[in-house]
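Colleague: sequence and predicted structure, then a few things I'm wondering about:
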Amino acid sequence: MGSSVRELAGATPATRDRYVDLLRVASLAAVVLGHWLMAAVTPDGVGNLLAVVPALQPLTWLLQVMPVFFFVGGFSHALSYRSLLRKRSRHPQGAQGAQGSSGTPDSVYSAFLRARLRRLLRPTMVFVLLWGAAALLIQLLGGGGGLTGTTLRMVTQPLWFIGIYLAMVAFTPPLLKLHERHGWGAFAGLAGAAAAVDVLRFAAGVPYVEFLNFAFVWLAVHQLGFLRADGRIRRPALLAGAGLAGACVLVAFGPYPLSMVGMPGEKVSNMAPPTLALLCHGLWLVGAVELLRAPAARLLERPRAWRAVVAANGVAMTAFLWHLTAMFGVYGAMLALDVPLPEPATAAWWAQVPLRIALAAALTAALVAAFRTFERPVSPAPATAAPETAAATGSGPLAALGATLCLLGVLGLSTVGFGGLLDGRTALLVAVPVSAPAAVAMTLGGWLLVEQVGRGTALRAAGRRA
């Protein structure tokens, strides 16, 4: 891997925004470390350190960095989609075909979905299928209690992020068009919709309306990435200050909790579903990371630093998917070896933190070594180079359907987990009960549909060239 990383780093175009790659890796790394640190595992179950020590909750205003990842996603999606549009303009002869569900040309929409989703879905499906098979075997053998049962329920929780990201990819074409027409007005519209949802939720008590903010809040953060792609975030200090002030006011005088991550048993969460306070938190973070852009860019001009970012980007999603597996593996081994687990937040607990994190990092590295091949980019289908070949196939709606099935399946699985497979356990996805087998079936069906669209287009393109 070292030589390939060196080659990739050396071949980096001068126009590439290296800071975006650093933000992608750093945000996922912060989430992983946060999960490892916040887990308060005892022989009786799993708690949250922030609930044990509420005084630590202000740290979430620095460490809840998932908005940065979605912001970076918006930047990357804008560049990717525009690149495909430019390629289409060079191959216009077949591009007047069917229209995709977003109103964009069918061929470009399907090519964009495939290009963005395939690298994400391959490692995700490996994770889902392996854990599903393991969970079924464990429960058939009569296991599933204690820490094992907790692991089966919780190991899929980070998949919510994959589901939200799938939605961002699917909505990129229409929202990018909205951005190009209205600029900051498009962001303001999404932010205003998020605020209206919270008013209806907290002031009017409208049921289920809060779930709309899974779209409005995260798509608003995603929209900031479009603005960055066009160089329209010119006053990051003002953005950071306004976001921080807004979050402080909302938490101090509104119904919003202090923590920017979910807390067990809390009546209101800023994360699930997202709130206007979390959107303000996202503004503060985006402004803050933009203020660090220049010094970070100078650092990334150093070959060693850039190679490290390239190497990390190549395995970041695999590490994210498996990091809870590694963490629970470490705790399971400690219990099996009768290593004492101190009470959370005690001096003995804090003294053990470096060892637990080091062991979890080592096990994550081993899992990455085993599964990183599934994150490697797939050779692009000819349709990516010549999207007009798909125009008459209706591949855009099929790809959109595949993405929707994956979105619902992944979000459902993050909610229900793999516990209680033999008991028919379900959990509510918004207002609809979903079981783990149904969620896996939707995810697998959607993934196969996206893959089929790619294979079919590639075959047609090959026949056209012959």
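Modeller: Alright, I've got the coordinates.

Colleague: quick check: closest non-adjacent residue to A195.
Modeller: Distances taken as C-beta to C-beta, 6 or more residues apart in numbering place L276 nearest to A195, at 5.2 Å, with adjacent residues excluded. C-beta: built from backbone N, CA, C; applies to glycine.

Colleague: need the pLDDT of that neighbour.
Modeller: For L276, the pLDDT comes out at 98.

Colleague: that one and F216, how far apart?
Modeller: Counting by C-beta to C-beta, to the nearest Å, the separation of L276 from F216 is 9 Å.

Colleague: what residues are shared contacts of the two?
Modeller: Each of A191, A194 lies in contact with both L276 and F216 under the rule C-beta atoms under 8 Å, 6 or more residues apart in numbering.

Colleague: quick check: W184 touching R228?
Modeller: No: using C-beta atoms under 8 Å, W184 is not in contact with R228, being 12.0 Å away.

Colleague: more neighbours: which of the two?
Modeller: R228 (21 against 14; other C-beta atoms under 10 Å).

Colleague: give me every residue that touches the spatially most central residue of the chain.
Modeller: By C-alpha atoms, centre = their mean, the chain has its centre lying nearest to F161, at 3.5 Å. Contact analysis of F161 by C-beta under 8 Å, 6+ apart lists M66, F69, F320.

Colleague: which of the residues you listed sits closest to V5?
Modeller: Closest approach between the contacts of F161 and V5, by C-beta to C-beta: F320, at 19.0 Å.

Colleague: can you count the residues close to the closest one?
Modeller: F320 has 23 nearby residues by other C-beta under 10 Å.

Colleague: so what's it closest to, chain neighbours aside?
Modeller: The spatially closest residue to F320, leaving aside those adjacent along the chain, is L28, at 5.1 Å (C-beta to C-beta, 6+ apart).

Colleague: check which helix or strand that neighbour maps to.
Modeller: helix 18-38 (DSSP states H and E).

Colleague: each with direction, which strands does the helix or strand that comes right after that helix pair with?
Modeller: Heading C-terminal from helix 18-38, the first helix or strand you meet, by DSSP H and E, is strand 39-42. Partner strands and pairing direction for strand 39-42 (DSSP bridges) are strand 45-48 (antiparallel).

Colleague: same question for the partner strand, mean pLDDT?
Modeller: pLDDT averaged over strand 45-48 gives 86.

Colleague: list the contacts of the residue nearest to F320.
Modeller: Applying C-beta under 8 Å, 6+ apart, the residues near L28 are F69, A316, M317, A319, F320.

Colleague: farthest pair within those?
Modeller: Most distant of those, by C-beta to C-beta, are F69 and A319, 13.5 Å apart.

Colleague: look up how far N313 lies from L147.
Modeller: Distance, L147 to N313, using C-beta to C-beta: 33 Å.

Colleague: output the contacts of L28 as CSV; include the columns distance to C280 and pLDDT.
Modeller: Listed next are the contacts of L28 as CSV, based on distance: C-beta to C-beta, whole Å; pLDDT from 0 to 100:
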residue, distance to C280, pLDDT
F69, 17, 95
A316, 27, 93
M317, 28, 94
A319, 29, 96
F320, 25, 96
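
Colleague: please flag which of those sit within strands.
Modeller: Residues of these located in strands (DSSP state E): none.

Colleague: quick check, nearest of those to A193?
Modeller: Taking C-beta to C-beta as the measure, A193 lies nearest F69 of the contacts of L28, at 21.7 Å.

Colleague: the strands in the protein, which residues?
Modeller: 39-42, 45-48, 426-429, 432-435.

Colleague: deepest in the core, which of those strands is it.
Modeller: Mean neighbours per residue, mean count of other C-beta atoms under 10 Å, is largest over these for strand 39-42, with a mean of 19.

Colleague: now do that one, average pLDDT.
Modeller: Mean pLDDT, computed over strand 39-42, is 87.

Colleague: need the CA coordinates for that strand. CSV is fine.
Modeller: Taking only C-alpha atoms (Å, rounded to 0.1, in the frame of the first residue of the first chain), the coordinates of strand 39-42 have been written out as CSV:
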residue,chain,number,x,y,z
ALA,A,39,-18.5,4.5,25.9
ALA,A,40,-18.8,3.8,29.6
VAL,A,41,-18.9,0.0,29.6
THR,A,42,-19.3,-2.0,32.8
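
Colleague: ok, and what's touching that strand?
Modeller: 46-49, 51-52, 147, 327, 331, 341, 343-345.

Colleague: if we can go back for a sec, looking at the strands of the chain, which is closest to W61?
Modeller: Comparison of these against W61 by C-beta to C-beta identifies strand 45-48 as nearest, at 16.5 Å.

Colleague: for stretch 340-359, list every residue counted as buried.
Modeller: Going by neighbour count (16 or more other C-beta atoms under 10 Å), the buried part of stretch 340-359 is L341, P344, W349, Q352, R356, I357, L359.

Colleague: export the residues you listed as TSV, with columns for distance to R235 and pLDDT.
Modeller: Below are these laid out as TSV (distance: C-beta to C-beta, whole Å; pLDDT from 0 to 100):
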residue	distance to R235	pLDDT
L341	48	89
P344	42	91
W349	43	94
Q352	45	94
R356	42	95
I357	38	96
L359	44	97
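
Colleague: out of those residues, flag the one nearest to L444.
Modeller: L359 (32.5 Å).

Colleague: who are the contact partners of the closest one?
Modeller: V330.

Colleague: do the same with the one 4 residues further on
Modeller: By C-beta under 8 Å, 6+ apart, the contact list for L363 reads A326, G329, V330.

Colleague: mind putting those in TSV, neighbour count, distance to G420 and pLDDT included?
Modeller: Conversion of these to TSV gives the following (neighbours: other C-beta atoms under 10 Å; distance: C-beta to C-beta, whole Å; pLDDT from 0 to 100):
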residue	neighbour count	distance to G420	pLDDT
A326	21	23	97
G329	18	21	95
V330	24	24	96
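
Colleague: and which of the residues you listed is nearest E375?
Modeller: A326 (16.3 Å).

Colleague: surely that closest one touches A358?
Modeller: No: assessed by C-beta under 8 Å, A326 is found out of contact with A358, at 11.3 Å.

Colleague: tally of neighbours for E375?
Modeller: When neighbours are counted by other C-beta under 10 Å, E375 comes out with 21.

Colleague: for it, give me its contacts.
Modeller: R119, R122, P123, G314, V315, M317, T318.

Colleague: same question for A348.
Modeller: P340, P342.

Colleague: likewise the one 5 residues further on?
Modeller: Contacts for V353 (C-beta under 8 Å, 6+ apart) come out as L37.

Colleague: ok, A29 to L299 distance?
Modeller: Going from A29 to L299 by C-beta to C-beta gives 16 Å.

Colleague: same thing with A311?
Modeller: 16 Å.

Colleague: do L292 as well
Modeller: Distance, L292 to L299, using C-beta to C-beta: 10 Å.

Colleague: show me the helices in the stretch 101-250 of the chain, by range?
Modeller: Using DSSP state H, counting those that start in this stretch, the helices of the stretch 101-250 of the chain run over residues 106-140, 146-154, 159-182, 184-202, 213-229, 236-253.
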